[in-house]
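>>> please work out how this folds:
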Amino acid sequence: MNFTRPPKNLSVNGFPITFREIALNSGRRLWVPRGISRNEEAGCWRIYVVSEDDIFTRYVHDQDYEGEPEASLKASFELMKAFLQGSTSRFIVDQRARSPGGERDPMTDCGVTGVMISRSSYQGYKKVVVTSHYAYQQPDGDLQRTQYYAGSISERSEQSNLVSLQTVLLQHLRKAIDVRRHYNRLRSQGIHPQKPLSHDDVPADIRAMPATIPEHIDVAEILDSYMATPWKPRVRTTGGDPELLAARLQQHDLTHPHKLVYLNGFSLRLRKRHCEGQTLYLPKEIYRARGEWRIRLFHADGIFTDSVTDDECQGSIEESLRQAWLYLISEIRQSSAYSEAQNFRPARNPLLETGIRAVNLLIFFASGGGKRQPRWRVSLGMVQDEGGERMRRTLIRTWTLSTVTDEKLSEALRHGAAMSAFRYHLLNAGIPPEEAVVRKDTAIPEEFWPSTPPCPVSADDLKYFVEQQEYSAA
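Below you'll find the predicted structure:
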């Protein structure tokens, strides 16, 4: 090997070998493998390499090689390679040898170095988090230490059955181990990841490797081993004075943006919207329907809904919006926000909001084919985890826009609410996700059927939505 030019990085038996340039006293410059250092006063090279089995150290003097530093460096490199070829690299084992020091906690030691099971608290309840630690190289060359979040287990999980929680914990650990093994393979080749890692980056052969997780890893014992940090929710108001903030907000013109504020625990984020040719900045609680502005507020006691029509304001869309805005602020002042985060993802367009967990309305333009004519279609479905990280949307009902009616929508939304309630009832009872899948033909007990949909949607709402889509596209 020529050490006068920068060599390529090497990998010997899982040991990465990188090179750095040094200058000798003579002014000569050589590229030296890491693990070999120079002592100019003694005229020698020092080898110091650590493996999982042993520490190898040796001095190689120039005088044994006719006083030639490059020749002694070549000899040092051959000695180092010979040691590495018969040793075990830390990058090819799951658990590295540990130097004397603090012992691993057996309750959370999964047997893989760099994979952590952490006990934490969130909003007053226990949360067990699984992460995989690594470092990636930033564009400027610096290394950034970070972690891959594989998942967490909460004592408030939808799956209260400990067997199901244990299964989920083992799945999280498997993902974290896969990512760590992928990182170790890259490091054994002398390279760092160039971006943050995800489980999608892991090659198929690593995913297929067996992973033996110690039997002592038990989610019930981990959750019982500590106390959650007490947490008391507080009603948040930007500036601290709700009356002053409410008065200021009521004077705000919704044709202009406004920064995020909190009033009585509710977040008010004004987003840019285009309504009937106007550009407005509206909170998610106010949305436009045909001839009116609607208010929908999710609060601790349920869902508040009402509307302000243009006819009530002499046909003025601007005045009806102002009245709806005043109405919303007043309602927020006398309502209670949720004391904890809700697992609720609002629809992108409030007109399509179902208010039902995991149940969504979609409207799309079907281009047709064969004898079918292009037309707008409406689809109601529920997204479910079918196990093995497979998320699938179960179809509940579908119609063409021209055939949908208020009665059909109401009955379908009731069906969707029943399916959602029944599914989460099964999950809370400890049924695994793949066995708790609910289809549209599943027999659902009567007690899960609501008398009315949580958020009624009319056929005219869907037609108005399509009209606005076509107007925006024109």
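
>>> which residues of the stretch 151-300 of the chain fall in helices?
Taking DSSP state H, counting those that start in this stretch as the test, the helices found in the stretch 151-300 of the chain are 162-188, 204-207, 219-224, 242-250.

>>> out of those, deepest packed?
helix 162-188 (a mean of 20; mean count of other CB atoms under 10 Å). All C-beta atoms are positioned from the backbone trio N, CA, C, and that covers glycine.

>>> quick one: average confidence on that helix?
What helix 162-188 shows for mean pLDDT is 90.

>>> use 13 as the first number for this chain going forward.
Fine by me, first position is 13 from now on; the one you just mentioned is helix 174-200.

>>> show me what it packs onto, helices and strands only.
In terms of contacts (3 or more CB pairs under 8 Å, 6 or more residues apart in numbering; DSSP states H and E), helix 174-200 is packed against strand 27-29, strand 127-134, strand 137-149, strand 155-166, helix 216-219, helix 231-236.

>>> ok, Ser132 touching Thr143?
No. Using CB atoms under 8 Å, Ser132 is not in contact with Thr143, being 10.8 Å away.

>>> neighbour count: the two, which is higher?
Using other CB atoms under 10 Å, the more surrounded residue of Ser132 and Thr143 is Thr143, with 21 against 13.

>>> could you find the closest non-adjacent residue to that one?
In this structure, Thr143 finds its nearest non-sequential neighbour in Gln159, 4.3 Å apart by CB to CB, 6 or more residues apart in numbering.

>>> roughly how far does the one you found sit from Tyr146?
7 Å (CB to CB, to the nearest Å).

>>> more neighbours: which of those two?
Neighbours were counted for Gln159 and for Tyr146 using other CB under 10 Å; Tyr146 has more, 23 against 19.

>>> from Arg32, how far off is the nearest residue to the more buried one once chain neighbours are set aside?
Spatial nearest neighbour of Tyr146, chain neighbours left out: Tyr195 (4.2 Å); criterion: CB to CB, 6+ apart. Distance from Tyr195 to Arg32, counting by CB to CB: 23 Å.

>>> Arg283 too?
52 Å.

>>> and the pLDDT for the closest residue to Ser279 other than its chain neighbours?
Using CB to CB, 6+ apart and skipping residues adjacent in sequence, the residue nearest Ser279 is Leu272, 6.5 Å away. Here, the pLDDT recorded for Leu272 equals 92.

>>> could you pull up phi and psi at the residue lying closest to Tyr148 once chain neighbours are set aside?
In this structure, Tyr148 finds its nearest non-sequential neighbour in Pro205, 4.1 Å apart by CB to CB, 6+ apart. When read as degrees, to the nearest 10, the backbone of Pro205 gives phi -60, psi 150.

>>> how far away is Pro205 from Thr30?
16 Å.
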